[in-house]
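Q: Let me see the structure of the following:
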Amino acid sequence: MIELGGLRAIATGDAAADLVAVVLHGRQMQASDLAPFAGALLAPGAASGASVTRGGAGYCVFPDAPLPAAPRGRTWWEVDSEARIRRLAAGPMELSAMDPGGRAEARAQLAGLLDALARPGRRIVLAGFSQGGMLAMDHVLHAPREARPAALALVSSTRIAIADWTPRATALAGLPVLVAHGTRDDELAFRAGELLRDFAIAGGARVTWLAFDGGHDLPMVVWRGLRRFVRELSG
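A: Residues are numbered from 1 along each chain as shown. Now for the predicted structure:
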């Protein structure tokens, strides 16, 4: 583990690389859940299981969210578990009206980590799963233009704080954005993914849409899609 901008993280690959993938986990997860898949993002021959460290193709950073979550893992902001259960009772969620407390604090901590990684000529791809995707988009919408990542990838995520997000959508203009969502997601509705995609398109982003046959997870088809997306930046 290393520390970047006050957040602990697992990092793998070439720390001097010009291409960096920062991957944010979801609620009740932790960095170690995703770090084993680093090779699926940046390494030559990654689809066959090669390690990212062999080719020095890039650097992967998997930060731990700052807050503990029950019953396991960590969270980027506190979640009212009882309210969440009530929402899920009505079916998969679309959370655009939700404005979680702690959003600004999580965004500031992520900005500190990204600042610690930044240097001239370095391209950072910011990716997030579920709650991590919400934070990743929130960061891009609030960040100064010069601090904007080179690309954004959002997996099984949704819009939040839509009243705040909508007037900021033009911050996405020209940004490569991957949006991936499972057609059988029983936590965040497939429609939530479609609306997130449409929001990015309306903001002027260069959107790649990946609908996959799956639930609220990160199957290999998503990791392969992420790898293609990242490799297009390095080509």
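Q: Buried residues in the strand or helix carrying residue 233, which are they?
A: Element membership for residue 233 (DSSP states H and E) is helix 220-234. Residues of helix 220-234 classed as buried: 222-223, 225-227, 229-231 (neighbour count, 16 or more other C-beta atoms under 10 Å). Just so you know, the C-beta spots here come from the backbone N, C-alpha and C atoms, and that holds for glycine as well.
Q: could you pull out the strands for the protein?
A: 2-4, 7-13, 19-24, 59-63, 67-68, 74-75, 123-129, 151-155, 176-182, 206-212 (DSSP state E).
Q: Which one of these lies nearest to residue 81?
A: Residue 81 lies closest, by C-beta to C-beta, to one member of the strands of the chain: strand 74-75, at 10.5 Å.
Q: surely residue 75 meets residue 27?
A: Yes - at 4.7 Å, residue 75 and residue 27 qualify as touching, with contact defined as C-beta atoms under 8 Å.
Q: Quick check: neighbours shared by these two?
A: 65, 69, 131 (C-beta atoms under 8 Å, 6 or more residues apart in numbering).
Q: The last one contacts residue 69, doesn't it?
A: So that's residue 131. No - if you go by C-beta under 8 Å, residue 131 and residue 69 don't touch, sitting 9.6 Å apart.
Q: ok, for residue 176, nearest residue in space, not its chain neighbours?
A: For residue 176, ignoring the flanking residues on the chain, the nearest one in space by C-beta to C-beta, 6 or more residues apart in numbering is residue 151 at 4.2 Å.
Q: wait, which of the strands of the chain is closest to residue 100?
A: strand 74-75 (9.8 Å).
Q: Need the pLDDT of residue 221.
A: If you check residue 221, the pLDDT there is 95.
Q: So it is in contact with residue 212, correct?
A: Yes - between residue 221 and residue 212 there is a contact under C-beta under 8 Å: 5.0 Å.
Q: how many neighbours does residue 150 have?
A: For residue 150, the count of nearby residues is 15 (other C-beta atoms under 10 Å).
Q: worst-scoring helix or strand of this protein, pLDDT-wise?
A: Least confident helix or strand, the chain: helix 52-55 with a mean of 34, by mean pLDDT, DSSP states H and E.
Q: how long is stretch 83-103 end to end?
A: 17 Å (C-alpha to C-alpha, to the nearest Å).
Q: got it, and stretch 24-37?
A: 13 Å.
Q: cool, stretch 98-108 as well?
A: 19 Å.
Q: what's in contact with it?
A: 65-67, 76-79, 135, 138-139, 142, 160-161, 163-164.
Q: list the contacts for residue 96?
A: 158-162, 192, 195.
Q: ok, and the most crowded of these?
A: With neighbours taken as other C-beta under 10 Å, the top of those is residue 158, carrying 27 neighbours.
Q: That residue and residue 40: what is the separation?
A: Separation of residue 158 from residue 40 (C-beta to C-beta, to the nearest Å): 24 Å.
Q: same deal with residue 224?
A: Distance of residue 224 to residue 40, given as C-beta to C-beta: 7 Å.
Q: returning to what we had before: can you add distance to residue 92 and mean neighbour count and give the strands of the chain back as CSV?
A: Shown next, in CSV, are the strands of the chain (distance: least, C-beta to C-beta, whole Å; neighbours: other C-beta atoms under 10 Å):
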stretch, distance to residue 92, mean neighbour count
strand 2-4, 34, 13
strand 7-13, 30, 20
strand 19-24, 21, 26
strand 59-63, 26, 27
strand 67-68, 24, 14
strand 74-75, 20, 21
strand 123-129, 16, 24
strand 151-155, 15, 27
strand 176-182, 10, 25
strand 206-212, 15, 17
